[in-house]
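Trainee: Please work out how this folds:
(one chain, ligands or ions: 1)
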Amino acid sequence: MRTRLFAALALVTLSAVAHGQTPATPAPKMTPKSPMPALAQQAQQVQQSSIVIDTHADTPQRFVDEHFDLADPLGAGNLNLDSIHKGNLGAEFFSIWVDPVANKGRFAGRTFDLIDAVKQQVAKHHDQIVFVTSPEGIEQAHREHKFAALMGIEGGHSIEDSLPLLRQYYALGVRYMTLTWSNSNSWADSSGDINDTSIPHSKEGLTEFGKDVVYEMNRLGMMVDISHVSDRTFFRTLVITRAPVIASHSNARALCDAPRNMTDDMLRAVANSGGPDSKGGVIDVNFYSGFVSQAYRNADKAQQPEQDKAVADLKAKNKAEGKETPQSEIDKLSRTFGDRIPRPPLSMLIDHIDHIAKVAGIDHVGLGSDFDGVDGQLPEGLDSPADLPKITEALMARGYSAEDCRKILGGNLLRVFHEVEAVSKELQAESRPRITDKQPFDKPQK
Ligand SMILES: [Zn+2]
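Mentor: Below is the predicted model:
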């Protein structure tokens, strides 16, 4: 893995040099002869002095299923303490994702396991990591040169249709929730199964209870994350949310036509989300090759039948031996298929950032890597947080200023997080909550 990583690093350095000479967007301050080392140095300075925030990494599953420790070498993964320090990653939102098939009947149980695993890692490495639950916490950690660990739930099924559970997750420190993962739940629809007629979907994208969930998230101060939801659920959520929303790990559909990616209208809607005085939400770009590159996506689609058959064969073989097939084994097999397709160049990821910055505005784009959630299917040379400075350098090569980069690297997310907290305080001061759902503590009706 290390050899492969270094080979990839060498490759991207070459492509970055080439890129500096022919930027896709004219960069006013750059000339073809500008020495790259100076730019690299400048980018390094920006990276080292910025609060760098990534809104999505699936590492908690590694903590639980592989007994992975953040002090371990990366192995087949993307995120550890060494790479965090190298790339000056300041804060990570660890994704609390519960596989809805493997954990049927115990969504909450698995959610608690993953939350606990994050906290155990923080406790173990308290000299380097601090668990935080607020934008001020992130800023404080930055001042103390510590890495801030936060949590976001990926998939509304984790709340098991219960607002009390949602509130307890908040109490444990969860600060965002994607309303769905790839599966629709009983109150919100997912882009992942919206065309599957065997699955019930709500007519409006959100049920009455779904609207209560959004309201309660606004009231608690939990960021509403619209990554993964269906387009209808997206627009319904945007109509009712009182706080700006985030897309913790989504890209531009104009550049890569994945149902999980966002149309230009959706990008603009996120930028305009929240109340009339809101400064708007943020779209954090996903590094997954299948959401970055149309060519990768097409190649992946073309080999899908073969891959499905290989997975079915593996399961059948294990079953014949009386064994279940663990997800890690399926992932390993899937990875061999993904590895057959050439990795997209880093410049394609920068294209997404650039597109979102142009369509939604520079104040509405950030980073949501999806590290440890995409079987290593990432653009060339982007294997861990240690490679994040390459993004900064590529942006600067396109003419993005240091201030622009600071916004993209984390400033925008911090602004939204602050605003979500302010809206929460306002709503908590209101006397009549919107909740229509009957609460366990409600007095029985006479
Ligand atoms: Zn996801």
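Trainee: Strands of the stretch 1-150 of the chain, residue ranges please.
Mentor: For the stretch 1-150 of the chain, the strands defined by DSSP state E, counting those that start in this stretch cover 52-57, 89-97, 129-131, 147-154.
Trainee: by contact count, what packs against the last one?
Mentor: Counting contacts by 3 or more C-beta pairs under 8 Å, 6 or more residues apart in numbering; DSSP states H and E, strand 147-154 is packed against strand 52-57, helix 81-86, strand 89-97, helix 107-124, strand 129-131, helix 135-143, strand 174-178. The way it works is simple: take the backbone N, C-alpha and C, and place the C-beta from them, glycine included.
Trainee: at 6 Å what do you get?
Mentor: strand 89-97, strand 129-131, strand 174-178 (3 or more C-beta pairs under 6 Å, 6 or more residues apart in numbering; DSSP states H and E).
Trainee: And the helix or strand just after it, what's buried?
Mentor: Next helix or strand after strand 147-154 toward the C-terminus (DSSP states H and E): helix 163-171. Residues of helix 163-171 classed as buried: 163, 165, 166, 167, 169, 170 (neighbour count, 16 or more other C-beta atoms under 10 Å).
Trainee: do the same with stretch 356-363
Mentor: 356, 357, 359, 360, 361, 362, 363.
Trainee: quick one: which of the residues you listed sit in helices?
Mentor: Using DSSP state H, 356, 357, 359 are the members of the buried residues of stretch 356-363 that sit in helices.
Trainee: tell me the contacts of the last one?
Mentor: This means residue 359. Neighbouring residues of residue 359 by C-beta atoms under 6 Å, 6 or more residues apart in numbering: 264, 267.
Trainee: What segments of the stretch 251-400 of the chain are helices?
Mentor: 264-271, 289-292, 294-302, 304-320, 327-338, 346-359, 388-397 (DSSP state H, counting those that start in this stretch).
Trainee: Where does pLDDT dip in the protein?
Mentor: Along the chain, the model assigns pLDDT under 70 to residues 1-36, 432-433, 444-446.
Trainee: can you do 80?
Mentor: 1-37, 326-328, 431-446 (pLDDT under 80).
Trainee: Tell me which of the helices of the stretch 251-400 of the chain is the most buried.
Mentor: The highest average neighbour count among these, using mean count of other C-beta atoms under 10 Å, belongs to helix 289-292 at a mean of 27.
Trainee: which other helices and strands contact that helix?
Mentor: Packing partners of helix 289-292 (3+ C-beta pairs under 6 Å, 6+ apart): helix 294-302.
Trainee: can you put the buried residues of stretch 356-363 in TSV and add distance to residue 412?
Mentor: Converted to TSV, those look like this (distance: C-beta to C-beta, whole Å):
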residue	distance to residue 412
356	11
357	10
359	15
360	10
361	10
362	8
363	6
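Trainee: Tell me which two of those sit farthest apart.
Mentor: 359 and 363 (12.4 Å; C-beta to C-beta).
Trainee: Which helix or which strand is home to residue 217?
Mentor: Counting by DSSP H and E, residue 217 is found in helix 208-220.
Trainee: Which SSE is immediately downstream of that helix?
Mentor: Heading C-terminal from helix 208-220 (DSSP H and E), you reach strand 223-225.
Trainee: now the angle from the helix or strand that that following strand is followed by to helix 264-271?
Mentor: Where DSSP H and E defines the elements, the next helix or strand beyond strand 223-225 is helix 231-240. Relative orientation of helix 231-240 and helix 264-271, computed by axes from the mean of the first three to the mean of the last three C-alpha atoms, to 10 degrees: 30 degrees.
Trainee: what about the helices of the stretch 251-400 of the chain, which gets the closest to residue 197?
Mentor: Residue 197 lies closest, by C-beta to C-beta, to one member of the helices of the stretch 251-400 of the chain: helix 304-320, at 20.2 Å.
Trainee: Which residues outside the closest one are in contact with it?
Mentor: For helix 304-320, using C-beta under 6 Å, 6+ apart, the contacting residues are 325, 330, 333, 337.
Trainee: want to throw those residues into a markdown table with distance to residue 191?
Mentor: Formatted as a markdown table, these follow (distance: C-beta to C-beta, whole Å):
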| residue | distance to residue 191 |
| --- | --- |
| 325 | 27 |
| 330 | 22 |
| 333 | 25 |
| 337 | 22 |
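Trainee: Name the nearest of those residues relative to residue 267.
Mentor: Residue 267 lies nearest to residue 337 out of the contacts of helix 304-320, by C-beta to C-beta, at 30.7 Å.
Trainee: list the contacts for that closest one?
Mentor: Counting by C-beta under 6 Å, 6+ apart, residue 337 touches 303, 307.
Trainee: For the nearest residue to residue 426 once chain neighbours are set aside, grab the count of nearby residues.
Mentor: Spatial nearest neighbour of residue 426, excluding adjacent residues (C-beta to C-beta, 6 or more residues apart in numbering): residue 242 at 8.0 Å. By other C-beta atoms under 10 Å, 21 other residues sit near residue 242.
Trainee: what about residue 242, which SS state?
Mentor: coil (DSSP: H, G, I helix; E, B strand; the rest coil).
Trainee: That one contacts residue 422, doesn't it?
Mentor: No: contact criterion C-beta atoms under 6 Å: residue 242 and residue 422 do not qualify, at 10.7 Å.
Trainee: Quick check: phi and psi on residue 257?
Mentor: Torsion angles at residue 257 (phi, psi; degrees, to the nearest 10) stand at phi -80, psi 70.
Trainee: so how far is residue 111 from the nearest residue to it once chain neighbours are set aside?
Mentor: Once flanking residues are discounted, residue 257 sits nearest to residue 294: 6.4 Å by C-beta to C-beta, 6+ apart. Separation of residue 294 from residue 111 (C-beta to C-beta, to the nearest Å) stands at 34 Å.
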